[in-house]
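Novice: Any chance you can model this:
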Amino acid sequence: MKEFLLLIRESSTYGNLSVEDMQADIQEHINWVEELVANRHFLEGNPLEANGVTLKKDMISDGPYIETKECVSGYYKLSVKSLEEATQLAKSCPDLKNGATLEIREIIITDEQ
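Specialist: Okay, the predicted model is just below:
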């Protein structure tokens with residue numbers, strides 16, 4: 001099995017959901033993760049705080065920037081056979097219906113790990 005990181009990039013306006021819509025979204029994620037766990041694809045995952053910093057060469061800035069249309073809001077670490085399988089699993093991620101962009105990247109496992 002290979003490991004893949006699924007990054008969730010959501011609109012900066014995602015946090016403007018009503019309490020009811022946010023609770024429904026959280027429940028959809030719980031259901032989705034339970035399915036991943038049942039099929040032994042889920043390794044870990046967490047939401048990320050909205051604030052942080054961005055480093056670039058000799059500059060440190062607050063970020064992500066408010067003028068940015070999308071920011072990384074969370075991640076999932078998956079165990080699957082291929083990028084194609086990871087892509088198929090990602091297609092059922094609840095964030096897609098809310099306009100999120102998902103990025104899937106294989107994690108390079110070195111002998112040192």
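Novice: just the helices in the protein please.
Specialist: In the chain, the segments counted as helices under DSSP state H are 19-38, 83-90.
Novice: List the buried residues in the first one.
Specialist: For helix 19-38, burial by neighbour count (16 or more other C-beta atoms under 10 Å) applies to 25, 29, 32-33, 36. Heads up, the C-betas are built off the backbone N, CA and C, glycines and all.
Novice: Tabulate those (JSON lines), appending pLDDT and distance to Ser73.
Specialist: Output for the buried residues of helix 19-38, formatted as JSON lines (pLDDT from 0 to 100; distance: C-beta to C-beta, whole Å):
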{"residue": "Asp25", "pLDDT": "86", "distance to Ser73": "11"}
{"residue": "His29", "pLDDT": "90", "distance to Ser73": "11"}
{"residue": "Trp32", "pLDDT": "95", "distance to Ser73": "15"}
{"residue": "Val33", "pLDDT": "95", "distance to Ser73": "15"}
{"residue": "Leu36", "pLDDT": "96", "distance to Ser73": "18"}
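Novice: Out of those, which comes closest to Gly99?
Specialist: Asp25 (12.2 Å; C-beta to C-beta).
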